[in-house]
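A.B. asks: Sequence first, predicted coordinates after that:
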Amino acid sequence: MPILDFLLPKGEKKQKVILLGSGALSIGQAGEFDYSGSQAVKALEEEGLDVIIINPNIASVQTNRGVNKKVYLYPITPFWVEKIIKIEKPAAIISSFGGQTSLNCVIALEKSGVLKKYGVKVLGTQVSALEMSEDRELFAQKMKSIDAPIAKSHAVSTVKEALETAEQIGYPVITRSAFALGGLGSGFAKTAAELKKLTQAALMSSPQVLIEKSLHGWKEIEYEVMRDKTGNTITICNMENFDPMGIHTGDSIVIAPCQTINNIENNMLRDMAIKIAHSVGIVGECNVQYALNPNDYGFYVIEINARLSRSSALASKATGYPIAYIAAKIVIGFDLLDLKNPVTGTTSAFYEPSLDYVTLKVPRWDLNKFSGVSKNLGTQMKSVGEVMAIGRNFCEVMQKALRMVNENEDGITVNVFKDASDEDIEKELLSPTNLRVFAIYETFKRGKTLEYAYEKTKIDYWFLSHILYLANIETELLSFFETKVKKDIVAAQELYDAYKQIPKDRMQRLKSMGFSDFQLTKIYLSACLNSKIKLSIKEIRSLSFAVRKLRKKLGILPVVKQIDTTSSEYPTKSNYLYLTYDGIHSDMSSKKNEKSIITLGSGSYRIGSSLEFDWCSVMTSSYFKNKKNDSVIINCNPETVSTDYSASDRLYFEELSFERVLDIIDIETPKGVIACMGGQNPNNLIQPLSEAKVNILGHSQKSVDAAEDREKFSAMLDKLGIDQPEWTSAVSLDDIEEFIKKVGFPVLIRPSFVLSGTLMNVASDKQSLDYYLSLTKDISVDFPVVISKFILDAKEIECDGVAKGGEVILSLVSEHIENAGVHSGDATMVFPAQKIYARTVNVIKDIVRKIVKGLDLNGPFNIQFIAKDNDVKVIECNARASRSFPFISKVSGVNFAELACKVMNDEKVKKILIDESEIPYVGVKASMFSFQRLDGADPVVGVEMASTGEVGCLGEKFNHAMYLSMEATQIRKPKKGILLSTGREKDKVKFMEVMDNLYKLGVPVYATKGSAKYLEDRGYSVNTVHWNRSPRAVDIIIDGKVDFVININKNLSVDELHNNSEIRKIAVKCGCSILTNLEKAMAYLRAYDSYNELQNIEKCISL
Amino acid sequence: MERAKKILNEKYKKAYLKLSNGVKLEGNAVGADVSVSGEMVFNTGMLGYSEAMTDPSYLGQILVFSFCLIGNYGIPALKDGNLFMSKGHESSSIKTQGIIVSDIYDGCYHHDGGSSLEDWMKKQDVPGISGIDTRYLVQMIRENRNLSGRIVPEGAKPQDKNKFEFLKNFKNNEYIDPAKYNLMPSVSTKERVILWKGLKKVAVIDCGAKWNIMRMLAERDCEVELLPWDSDFSEVKCDGWVISNGPGDPKNTGDLVERIKKDVLSLDKPILGICLGHQLLSLASGAKTKRLNHGHRSHNQPVFSLPEKKAYMSSQNHRYAVEKSSIQSGWELWFENANDNSVEGLRHKTKPFMSVQFHPEASSGPNDTSWIMDEFVNLL
């Protein structure tokens, strides 16, 4: 066995290897590392190694308990990793599966001599090579030495140098900062003024900024390279950005394999990628990015990533080649030739996959969730998730991907720019936002030429001409169906007859081009329905059944194709599948399997639905796989573990649209479908699927409806005598006024989601109410505003559980640190709850029993409460698995997802009673915010969720867990100075409780006027700063005098929010730790009580 | 992308792929309006259609591209008489009988594109069919040992028999197996040509040589003389020999093997055999060849060098292979296929003879084994 000698068994003792994770999900470093990490764990465990995982990301699959595995939920910092090395005495550490975070940590540990001290080997690519790939200057030298062309790049450390350099190389230029993930501190400057602004900001968080010639409009192309220790090298996949250079790859639409380059270009770039991997000494995987001149064969190497990356995860899913798994084997000493291609099982792993399909990745942005953030895309990544579509032509994958990412059943025809002016569209083409592809479509619908679109966007003609083709199809269909007199009503039969006029082969072609039945229905409606009549999604969906019926009658059905890495050159039993209309033969025959169970995954990660729902999906799918059911997964998110084909018996990498899920159900004829484990996205399908007579496992549709429909749920609570905050559904301004007269301010307002752009907000006075209402277009019977009494200074409590037949099987209560008013997805959660009276817990458990009974729940659930002065009110009930399932499961030791599966599988389950006081530790789940990547975002937390990820840390004491979870979410102990604004008088008083802890740190304290006076009056020395005159608060931050900001709003009025927002924004930009919630800040400062104890701890808690 | 811009009203011209196993597939006619017959083969390379279609080794074959989108970057302009400027072309014309694709792109916007794939096919009288489930077809070819096919566009005229020599052996509308006949006269140069001058002289026995072989020799400062397959090798003065790639069964090449044995192998000058050349050299050495099920036609064949213990990605296009058990004493196995262990290269233990089943000249496909050309030139 060709494993490195140090891994050979020494007697009977197993060898230990540390694998670092990537921590909380943030923009630029997301779920892809759970996928690569969990593949690595599998590869290492197979070789009989003991794996030590260090990763505070409690919702990840890799941090599950395992037989040969120990999991440490600690921050990935040199301090904690060293401590765990001391405890575990591992033989080696692996850095390449946890993104930039783990890479930086290992480089630091090597530099400080820690690894040498404990005799820990770094496996895979060596640290010197990692450093070289990270340091722009060293990288440039290396590239020069092997004749790899790179764009001229100059390291500068002052603004003046930056301006001089730009003069030399000529504008436009781009800037990037060294040692940063996701292009942080990067930008594009056309003028000296723009450059000045950019470098000022970038130099605040990085000592060095690089200035490079802009390659705007060049093609952006990547290669994924795999190399073993003997030098055998292959390229797994190449990928091409739809959006040319200028937009961060993470924000670009990406097609794999490359489509607009020829054989000469491909091999020129491939040769160079291999040469680079050799010269750098890659052992494992790396990624090489190029800019390719669209007008000749010139190119530049942009950068390399000497580790697994977002692109490698995408390439794995695009090709079926398990890159991380094979890389892990290489890292522990195998050669590519020792390994088999796991998809075929017979051919060599030394193999470059051949595809007979194309894949398209489209990023998911949630920019609407961040007020103040520019929607324009550039060199700084802003997306929070992605989807990948697989098909046999570009039109098909484009339309599929747009349906996957936008949760609608339209494709490109969604008409975002229908009412936009030509000027606005042109502006969108020139300076793109997340919606550019729709603007391109609209511009073609308005008759503009390919040349026009190319001139504005520099997107390759090949891509553009396909979009033009789609626009032509829609135009043609519209004129085909156009009627002189518009109708007020369209019957299903009429729709059926209309499409019946289209010959079968053309109908087939429409479907091949990715048009959904829903889309075809909408096109027909917009051709002949009175434009004043707006149909709901439900109504259109129900009409679209006519198109489905017609299709089925004509025999126009999608076929199932395998992803097999060989384009069918060798027979395989691959279970990795997709559907297409561009084919006539299914690789999988439709067979009735009485036992198959379909789990619907979560789709793209987004704010509010992330890793935790993939964890639930993976748990569900593995449960049924182990039960020898045929476990089937449908999901379209390439960053996930659930779309690893080994997580299920059959993986359909497909849309989670109603139509597509039904198609798969037609093929699978399953025993049942599980839609309550993947978050809200699949949960929304329960209603239409139930209506289509699909057997949904778990809660009945009636239960789900009763929980989700506000009126019904509220009525039930009233009936059961359970208290809830007063609320109303207002259809006019008068309604609102009347309600407020009754309950008073503050109130929570929640507009109908159709009035997009407006968010949930708390109005604390008339002025802010008017302001927030002014953001909504109109309030009417169709678009009501839900308004409820907002209770100040109340505690928020959650109960996660599993029910069967209306009886609670298990329920556990956790509390929020923040008072009510912070979205539960952003709040810091403690389990077991530390500060709730036993009586309150009993009241809550009683309410839970009543609700579970009342809704007749049968599966996983989560109920949220607020408690004030022993009063408990119910906020909402989610009849599905919740965000906190992995956290509660891992801390309590009971797998909630598995228990839910048992219930849904109709197995016998006994009631489980857990004595929370017997749990030997406290868990704190904290949210990770990515405000630093979102220029202009106000990092204040509120009723609208804004976090992109989370961690969960354990401690013997609450203080330990609290401190660790804050450290793991980048809240670092102040070293330079602290800036305080402590809110209301009441808050200031409260805050005094922890003031000594703050002063004990011995760093200068700055405070805004009111807070400073309050402190001075009580004998504390403090530096006063001001809003508008010197010394200004923002200058203190910019000058680097403080690195920690506590900024509590007095109230939620517009003015107050606005006043403080500048401080917060600057603090984020300058990389300060920032806390904006009173209770959270206090809990954090209180945790300093145990700081020394925690630092000197000798035993870390492991799972 | 179909040629038809309109989806509802415009007429497509239908074409049928009729297969010798009785299956008939319907698609849209692309390229020229002629019907052709050929041996069904597939290539799983995702790029390089112009190189493949002009590769003389595909003579007499209907080529199925397993990749779903073909024609995206058009066809590089053919600069007459200048092989160097005509990268993307491996001979002066299309050698495949026809092509089968899933989707064909009708435009040409690439900076190095001279014309669209379809226009090029029309000009050269080569038909094709688009809209075929090529994955299905590949599986069918894989599972049926000898599959022949016919491309029959609606109302098309039969192929001009004068296009290639070998066509004269066949009747119209007949399923054909071109490898039954000697295909050398159809692809080899008619006269001896000195392509350019250089330091060392290499004689290339043209069995349907890909232009990139000559380009690579020239890049390495070699003088290249192209020899007709049936010319008298004993008259040739040179420093080394290349026996080129080409179509068909190495055993159906007249007296070529005998003459290689007599006039080339006996000289002890460096010899490099490529693909068919490798098979011819092996036959001349006394080894045997066999017909594989569906051969190797792709850009991702892993070959393992036994002396180096190292593996390379290679570009391949062959159906016949040397039988391992028949390797003669004095010769050693140089390369082996890492997937099916078939013979990928032989070397003489003492003399400067070497041959490879794969294509060190790539085009299309990976350049990972171009060092073999260096090794050969260094021996001259």
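C.D. replies: Ah, there it is. The shown structure was predicted, so the numbers you read here are calculated from the model rather than taken from an experiment.
A.B. asks: Could you pull out the helices in the stretch 101-250 of chain B for me?
C.D. replies: B:117-123, B:134-143, B:184-187, B:211-219 (DSSP state H, counting those that start in this stretch).
A.B. asks: What residues of the third one count as buried?
C.D. replies: Buried positions in helix B:184-187, judged by neighbour count with 16 or more other C-beta atoms under 10 Å in any protein chain shown: B:184, B:186, B:187. Yep, even glycine has a C-beta here, placed from its N, CA and C like the rest.
A.B. asks: Tabulate these (TSV), appending distance to residue A:309.
C.D. replies: Formatted as TSV, the buried residues of helix B:184-187 follow (distance: C-beta to C-beta, whole Å):
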residue	distance to residue A:309
B:184	51
B:186	50
B:187	46
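A.B. asks: Tell me which of the helices of the stretch 101-250 of chain B sits nearest to chain A.
C.D. replies: helix B:134-143 (3.7 Å; C-beta to the nearest C-beta).
A.B. asks: mind putting the helices of the stretch 101-250 of chain B in a markdown table, distance to residue A:879 and mean pLDDT included?
C.D. replies: Formatted as a markdown table, the helices of the stretch 101-250 of chain B follow (distance: least, C-beta to C-beta, whole Å; pLDDT from 0 to 100):
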| stretch | distance to residue A:879 | mean pLDDT |
| --- | --- | --- |
| helix B:117-123 | 55 | 96 |
| helix B:134-143 | 42 | 96 |
| helix B:184-187 | 71 | 97 |
| helix B:211-219 | 65 | 95 |
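A.B. asks: Can I get these in TSV including distance to chain A?
C.D. replies: Shown next, in TSV, are these (distance: least, C-beta to the nearest C-beta, whole Å):
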stretch	distance to chain A
helix B:117-123	12
helix B:134-143	4
helix B:184-187	21
helix B:211-219	11
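A.B. asks: Looking at these, which is nearest to residue A:826?
C.D. replies: Among the helices of the stretch 101-250 of chain B, helix B:134-143 comes nearest to residue A:826, with 46.7 Å by C-beta to C-beta.
A.B. asks: quick one: contacts of the closest one?
C.D. replies: With C-beta atoms under 8 Å, 6 or more residues apart in numbering or on different chains as the test, helix B:134-143 has contacts from A:356, A:561, A:567-571, A:583-585, A:587, B:17, B:19, B:21, B:23, B:25, B:40-42, B:44, B:64-68, B:100-102, B:147, B:293-294.
A.B. asks: so what's the spatially most central residue of chain B scoring on pLDDT?
C.D. replies: Closest to where the C-alpha atoms of chain B average out (C-alpha atoms, centre = their mean) is residue B:57, at 2.7 Å. The model reports residue B:57 with a pLDDT of 97.
A.B. asks: Next, find the distance separating it from residue B:244.
C.D. replies: 9 Å (C-beta to C-beta, to the nearest Å).
A.B. asks: Identify the contacts common to the two.
C.D. replies: With C-beta under 8 Å, 6+ apart, residue B:57 and residue B:244 have common neighbours B:208, B:210, B:275, B:276.
A.B. asks: quick one: which of those is nearest residue A:480?
C.D. replies: residue B:210 (49.3 Å).
A.B. asks: isn't the closest one right next to residue B:360, touching?
C.D. replies: No: contact criterion C-beta atoms under 8 Å: residue B:210 and residue B:360 do not qualify, at 10.7 Å.
A.B. asks: about what we covered before: among the helices of the stretch 101-250 of chain B, which is nearest residue A:919?
C.D. replies: helix B:134-143 (53.6 Å).
A.B. asks: Show me which residues of that closest one are buried.
C.D. replies: B:134, B:135, B:136, B:137, B:138, B:139, B:140, B:141, B:142.
A.B. asks: Kindly report the same for stretch B:184-197.
C.D. replies: Buried residues in stretch B:184-197 (16+ other C-beta under 10 Å): B:184, B:186, B:187, B:188, B:195.
A.B. asks: cool, and stretch A:665-677?
C.D. replies: Applying 16+ other C-beta under 10 Å to stretch A:665-677 flags A:665, A:667, A:668, A:670, A:671, A:672, A:673, A:674, A:675, A:676, A:677 as buried.
A.B. asks: So which of those residues sit within helices?
C.D. replies: Among the buried residues of stretch A:665-677, the residues falling in helices (DSSP state H) are A:665, A:667, A:668.
A.B. asks: and which of the residues you listed is nearest to residue B:335?
C.D. replies: Using C-beta to C-beta, these come closest to residue B:335 at residue A:667, 43.5 Å.
A.B. asks: The closest one is in contact with residue A:560, isn't it?
C.D. replies: Yes: between residue A:667 and residue A:560 there is a contact at 6.3 Å, judged by C-beta under 8 Å.
A.B. asks: so what sits against both of these two?
C.D. replies: In contact with both residue A:667 and residue A:560: residue A:588, using C-beta under 8 Å, 6+ apart.
A.B. asks: Residue ranges of each domain in the chain, please.
C.D. replies: No chain in the question, so chain A it is. A:5-123, A:128-150+A:215-353, A:152-214, A:559-696, A:698-723+A:793-970, A:726-789, A:972-1095 (automatic domain parsing).
A.B. asks: I was after chain B.
C.D. replies: B:14-179, B:185-379.
A.B. asks: rewinding a little: need the domains of chain A in TSV with distance to residue A:502, can you?
C.D. replies: Compiled in TSV, the domains of chain A are given as follows (distance: least, C-beta to C-beta, whole Å):
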stretch	distance to residue A:502
domain A:5-123	41
domain A:128-150+A:215-353	29
domain A:152-214	46
domain A:559-696	14
domain A:698-723+A:793-970	35
domain A:726-789	32
domain A:972-1095	54
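A.B. asks: Could you export the ones you listed as TSV, including distance to residue A:444 and mean pLDDT?
C.D. replies: Shown next, in TSV, are the domains of chain A (distance: least, C-beta to C-beta, whole Å; pLDDT from 0 to 100):
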stretch	distance to residue A:444	mean pLDDT
domain A:5-123	31	91
domain A:128-150+A:215-353	15	94
domain A:152-214	27	81
domain A:559-696	22	93
domain A:698-723+A:793-970	31	94
domain A:726-789	24	79
domain A:972-1095	39	91
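A.B. asks: if we can go back for a sec, which residues touch the residue nearest to the centre of chain B?
C.D. replies: B:95, B:208, B:210, B:245, B:246, B:247, B:275, B:276, B:317, B:318.
A.B. asks: Serialize the residues you listed to CSV and add fields for distance to chain A, pLDDT and neighbour count.
C.D. replies: Converted to CSV, these look like this (distance: C-beta to the nearest C-beta, whole Å; pLDDT from 0 to 100; neighbours: other C-beta atoms under 10 Å in any protein chain shown):
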residue, distance to chain A, pLDDT, neighbour count
B:95, 17, 97, 25
B:208, 19, 97, 27
B:210, 13, 97, 26
B:245, 17, 98, 29
B:246, 21, 97, 30
B:247, 21, 97, 27
B:275, 18, 97, 32
B:276, 21, 98, 30
B:317, 13, 96, 29
B:318, 14, 96, 22
